[in-house]
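1. mind folding the following:
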Amino acid sequence: MDGKSKLRQWLNRKMKIEMSDKRVLIGIFLCTDCHRNVILGSCLEYLKFEECGEKEEPRSLGLAMVPGHHIVSIHVSY
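-> All right, here's what the predicted structure looks like:
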């Protein structure tokens, strides 16, 4: 399966993106571009505070553009 087919399968799926600054974004995958930027809809932002161990409420971002050079990993829910 080529890359375009894989991306089409991911459209409108829930996606979790871990960023280089330790933030985690979870939202609906809407599109990407040739620079690996990703657009997420209904996006929530989670901050990782490993040193204090506290869970924080997510921040609602709505529609968010995630710069491709900050993406560390992507997980797609099926």
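2. so what's the residue most central in space within the chain closest to, chain neighbours aside?
-> The residue lying closest to the centre of the chain (C-alpha atoms, centre = their mean) is Ile17, at 3.1 Å. For Ile17, ignoring the flanking residues on the chain, the nearest one in space by C-beta to C-beta, 6 or more residues apart in numbering is Leu25 at 4.7 Å. Backbone N, C-alpha and C define where each C-beta goes, glycine included.
3. and if you look at Arg59?
-> For Arg59, the spatially nearest residue (C-beta to C-beta, 6+ apart) is Glu45, at 4.6 Å.
4. pretty sure that neighbour contacts Leu61?
-> Yes - between Glu45 and Leu61 a contact is recorded at 5.4 Å, counting by C-beta atoms under 8 Å.
5. what touches both of these two?
-> Residues touching both Glu45 and Leu61 by C-beta atoms under 8 Å, 6 or more residues apart in numbering: Leu25.
6. these two touch, right, Gly62 and Leu44?
-> No - Gly62 is not in contact with Leu44 according to C-beta under 8 Å; the separation is 9.5 Å.
7. compare neighbour counts for the two and give me the winner.
-> For Gly62 versus Leu44, neighbours defined as other C-beta atoms under 10 Å are more numerous around Leu44 (17 against 10).
8. does anything pack onto the helix or strand harbouring the more buried one? Which helices or strands?
-> Applying DSSP states H and E as the criterion places Leu44 in strand 38-46. Applying 3 or more C-beta pairs under 8 Å, 6 or more residues apart in numbering; DSSP states H and E, one finds that strand 38-46 contacts strand 14-19, strand 24-32, strand 59-66.
9. of those, give the one that comes closest to Leu7.
-> Closest to Leu7 of the helices and strands packed on strand 38-46 is strand 24-32 (C-beta to C-beta; 6.5 Å).
10. okay, the angle between the closest one and strand 14-19?
-> 110 degrees (axes from the mean of the first three to the mean of the last three C-alpha atoms, to 10 degrees).
11. so which bits of strand 24-32 are buried?
-> By 16 or more other C-beta atoms under 10 Å, the buried positions in strand 24-32 come out as 24-27, 29-30.
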